[in-house]
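1. Can you look at this prediction? I've put the sequence above it.
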Amino acid sequence: MHSARRVICALGLLPILLGTLIGGVNVAHAQAPERKTTIIVPYTEYEWWLINWSDNTIRCRVLTSQDGLPTLDQVGTYCGQSLVNEWMSTELCNPEKRAKCEGVYLFLAATTPKEKEVVVELPPALVLVSLEGCTPQPPTNLCSTLPALVLTGDEPLPNQSILGIQGTFDGEPFSCDGSVCKIPLRVTPLQGSTIEFWANSSYGDSSERFTAQVRVIDTGVSPEPNGGGWYVDVISSQWQGTPLSSCAHIWEAFPPIGDPPSWLSTPDHLDLLASEEPYYYLAGRLIVQGLVDVSSCPNGGLLPNGYADVCGLEKAHPIVTDWQNQFDQRIIDVGKDTGIPAQLMKNLFAQESQFWPGMYRVPYEYGLGQITDKGTDAILIWNTAFFQQFCPLVLSESACAGGYLSLGVDNQAILRGALALQAKADCQDCPIGINLNDTPFTISLFANTLLANCAQVSRTIYTATNMMAGRVASYEDLWKLTIANYHAGPGCVSYAIHQAWQSVDDLSWAQVAPFFTEPCRGVVPYVEQITR
């Protein structure tokens, strides 16, 4: 109650107090001690000598602190490049005939225990965000009572503590003593309210300034007995509750109020994702591979382009239905793990490959999502976590350390090709021409690629508008732009976004779609088919 009273009072403070409060914090930041400390670390110093074979003259001393031989760089630092070259060109020599040997050899002369001072960065104070009075569960995030937003300070340093938490709620200041601050929530505009907050530590500094977007919408229905109340959503890097979808967090965009449209859902049960679509190409592939008896069909149940004809599809219908649903559990699992809607992924796979993971309409497009060598750029640039895991599997850790854009052209090509081949299922020696063993595991590859496209679209919108994506476009429209980015590429989407913003000051899909140029126009029906 004490914290709540302080918040309510502080929200009504005069503007002059706001200036004083923020000014005081700025002074504290300017005078805050650095979070660093010096520790003493024991180590072993190794002394190496470079010695003439002919007369045992010591030419140079090299000091190292790692086990094993000194590196060429270390020898060069102590001895110069000419002696490095002489050492590297020295041939093997029989020690019994050393007087006749030329060049130099390396000798470990001494090992000495030592200590050194090391400056260590200390972990900063944090503020975590949660709710009290409700634990909203997606997709609706419905609360029967208005909860309080709880800001909890965390000071990781021993013998130090959080003295207080400060911030602003839609520009109005608040302040709480101690490490916990409870802010009673209120109904917000549809775009939500912004809360900025930070913690003051006894160490003498303050935490980073964090933000949260909070949306509270009244359902308009009495909580009892009809199950109404308030929809409550929180977007923050510090949020401790059930996370929003990954792309919602990237865009800072709230999902639709209540239940999302079906194409943006991740059902809990397989039967809700199941489909019975008449895929003519898939039926044709199954017929070609001998999995369907079409002996009674004229022309073997196939059209000249390799698709099934009406008779072929009728004969293949049972296996076509089973085939298109065999990946559903994996799609749902990946959807829950990554925040990419499972139904969206299934719809995308249907459009891209009709669930045939081998080569489809275009050569060198692979997997259920028909990824290309060039198309892997997005995930390698925009999905940093994926790049850091994948790159060292192909290239050296030192080459990967600077990120994808720091790699040379050749290494970038190697990495793109290796990633595209991860999705390749074509297999001449396999019974049905494709290898299905790894196909379920590639679904996470496509989910991570969509995450990368979310980030790329977010940056494109920020470049065009100087605002976060969620401020200028709805969650559904941002997904449509992301699907377009995946299929047509960032060139098509960036041009359409910039033109729409400059022309109509609106980034809804309906306004952006007309600005796709003629070579890119095919993406419009593609997106509409996936999101119908």
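-> Received, thanks.
2. C-alpha only now, for contacts and for neighbours.
-> Will do.
3. how far does the longest helix along the chain sit from the chain's center?
-> Longest helix of the chain, by residue count under DSSP state H: helix 439-465. Put simply, helix 439-465 sits 8 Å off its chain's centre (Cα atoms, centre = their mean, to the nearest Å).
4. Give the other helices and strands that the helix or strand following that helix contacts.
-> Using DSSP states H and E, the helix or strand that directly follows helix 439-465 along the chain is helix 469-472. Counting contacts by 3 or more Cα pairs under 8 Å, 6 or more residues apart in numbering; DSSP states H and E, helix 469-472 packs against helix 439-465.
5. So for the residue most central in space within the chain, what's the nearest residue that isn't a sequence neighbour?
-> The residue lying closest to the centre of the chain (Cα atoms, centre = their mean) is Asn383, at 4.5 Å. Excluding its sequence neighbours, the residue lying closest to Asn383 (Cα to Cα, 6 or more residues apart in numbering) is Ala452, at 4.9 Å.
6. Where does the prediction get shaky in the stretch 1-150 of the chain?
-> The model of the stretch 1-150 of the chain has pLDDT under 70 over residues 1-31, 95-99.
7. Can you show me the strands along this structure?
-> Applying DSSP state E to the chain gives strands spanning 36-52, 58-64, 104-121, 126-132, 142-143, 148-154, 162-169, 172-177, 180-184, 193-201, 210-218, 230-235, 365-366, 371-372.
8. Take those strands and write them to TSV, including distance to Cys93 and mean neighbour count.
-> Output for the strands of the chain, formatted as TSV (distance: least, Cα to Cα, whole Å; neighbours: other Cα atoms under 10 Å):
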stretch	distance to Cys93	mean neighbour count
strand 36-52	12	15
strand 58-64	17	16
strand 104-121	9	13
strand 126-132	62	20
strand 142-143	81	24
strand 148-154	63	21
strand 162-169	67	21
strand 172-177	76	22
strand 180-184	73	22
strand 193-201	65	22
strand 210-218	66	20
strand 230-235	69	25
strand 365-366	56	24
strand 371-372	55	22
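9. tell me the contacts of the residue nearest to Asn383?
-> By Cα atoms under 8 Å, 6 or more residues apart in numbering, the contact set of Ala452 is Ala378, Ile379, Ile381, Trp382, Asn383.
10. On the pLDDT front, check the residue lying closest to the fourth one once chain neighbours are set aside for me.
-> Residue nearest to Trp382 in three dimensions, not counting chain neighbours: Ala452, with 4.8 Å by Cα to Cα, 6+ apart. We have a pLDDT of 95 for Ala452.
11. Equivalent analysis for Glu476, please.
-> Note for Glu476: predicted pLDDT of 97.
12. and the gap between it and Gln81?
-> From Glu476 over to Gln81 the distance is 62 Å, taken as Cα to Cα, to the nearest Å.
13. Comparing these two, which shows the higher neighbour count?
-> Remark: of Glu476 and Gln81, Glu476 carries more neighbours, 20 against 14, as counted by other Cα atoms under 10 Å.
14. now the more buried one: how far from Leu264?
-> From Glu476 to Leu264 the distance is 8 Å (Cα to Cα).
15. list the contacts for Ala513?
-> Ala496, Val524.
16. Repeat the analysis, applying 10 Å as the threshold.
-> Applying Cα atoms under 10 Å, 6 or more residues apart in numbering to Ala513 gives the contacts 480-481, 484, 493, 496-497, 500, 507, 520-521, 523-525, 527.
17. Out of those residues, the closest to Leu163 would be?
-> Distance to Leu163, by Cα to Cα, is smallest for Leu507 among the contacts of Ala513, at 44.0 Å.
18. What residues of stretch 433-447 count as buried?
-> For stretch 433-447, the neighbour count (16 or more other Cα atoms under 10 Å) marks Ile434, Asn435, Leu436, Thr439, Pro440, Phe441, Thr442, Ile443, Ser444, Leu445, Phe446, Ala447 as buried.
19. again with stretch 183-192
-> Ile183, Pro184, Leu185, Arg186, Val187, Gln191, Gly192.
20. Please tell me I have it right and Ser236 contacts Phe197.
-> No - the pair Ser236 / Phe197 is not scored as a contact, 11.1 Å apart, by Cα atoms under 10 Å.
21. who touches both of the two?
-> Each of Leu128, Phe210, Thr211, Ala212 lies in contact with both Ser236 and Phe197 under the rule Cα under 10 Å, 6+ apart.
22. Show the contacting residues for the second one.
-> Residues in contact with Phe210 (Cα under 10 Å, 6+ apart) are 126-129, 167, 195-199, 236-238.
23. The first one now?
-> With contact set as Cα under 10 Å, 6+ apart, Leu128 has these partners: 150-154, 180, 197-198, 210, 236-240.
24. could you dump those to TSV with distance to Ala283?
-> Shown next, in TSV, are these (distance: Cα to Cα, whole Å):
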residue	distance to Ala283
Val150	55
Leu151	56
Thr152	57
Gly153	59
Asp154	58
Val180	61
Phe197	57
Trp198	59
Phe210	53
Ser236	46
Ser237	46
Gln238	49
Trp239	47
Gln240	47
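25. Quick check: the gap between Val512 and Ile497.
-> From Val512 to Ile497 the distance is 6 Å (Cα to Cα).
26. Have a look at these two and say which one is more surrounded.
-> Ile497 (28 against 23).
27. these two touch, right, the more buried one and Gln511?
-> Yes - taking Cα under 10 Å as the definition, Ile497 is a contact partner of Gln511 at 9.1 Å.
28. what's the overlap in contacts for those two?
-> Ser503, Asp505.
29. re the thing from before, between the strands of the chain, which gets nearest to Lys346?
-> Closest approach to Lys346 among the strands of the chain (Cα to Cα): strand 371-372, 14.9 Å.
30. Can you list the strands that that closest one pairs with?
-> In the sheet, strand 371-372 lines up against strand 365-366 (antiparallel) (DSSP bridges).
31. mind checking how far the partner strand is from the chain centre?
-> Its chain's C-alpha centre and that of strand 365-366 lie 22 Å apart, by Cα atoms, centre = their mean.
32. Compile the shared contacts of Ser236 and Phe197 into TSV and extend it with columns for distance to Glu86.
-> Output for the shared contacts of Ser236 and Phe197, formatted as TSV (distance: Cα to Cα, whole Å):
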residue	distance to Glu86
Leu128	60
Phe210	58
Thr211	60
Ala212	63
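33. ok, Leu415 - contacts?
-> 373, 376-377, 380, 387, 390-395, 404, 407, 409, 421.
34. Among those, which one has the most neighbours?
-> For the contacts of Leu415, neighbours tallied by other Cα under 10 Å; top is Leu380, 25 neighbours.
35. where's the closest residue to that one other than its chain neighbours relative to Asp67, distance?
-> Excluding its sequence neighbours, the residue lying closest to Leu380 (Cα to Cα, 6+ apart) is Phe387, at 5.2 Å. Phe387 is 31 Å from Asp67, where distance means Cα to Cα.
36. just to revisit the earlier point, what is the nearest of the shared contacts of Ser236 and Phe197 to Lys36?
-> Scanning the shared contacts of Ser236 and Phe197 for proximity to Lys36, where the rule is Cα to Cα, the winner is Phe210, at 21.7 Å.
37. For the closest one, name its beta-bridge partners.
-> With DSSP bridges as the rule, Phe210 is bridged to Phe197.
38. please renumber so the chain begins at 449
-> Sure thing, new numbering starts at 449, so read that last one as Phe658.
39. Confirm for me that Gln686 is in contact with Leu574.
-> Yes - applying Cα under 10 Å as the test, Gln686 and Leu574 come out as touching, 8.5 Å apart.
40. who touches both of the two?
-> Jointly contacting Gln686 and Leu574 under the rule Cα under 10 Å, 6+ apart are Leu599, Thr600, Phe658.
41. Any chance of the residues you listed in a markdown table with pLDDT and distance to Ile767 as columns?
-> Output for the shared contacts of Gln686 and Leu574, formatted as a markdown table (pLDDT from 0 to 100; distance: Cα to Cα, whole Å):
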| residue | pLDDT | distance to Ile767 |
| --- | --- | --- |
| Leu599 | 98 | 54 |
| Thr600 | 98 | 55 |
| Phe658 | 97 | 53 |
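42. Can you pull out the low-pLDDT segments for the stretch 699-848 of the chain?
-> For the stretch 699-848 of the chain, residues meeting the criterion pLDDT under 70 lie at 808-811.
43. Thank you, goodbye.
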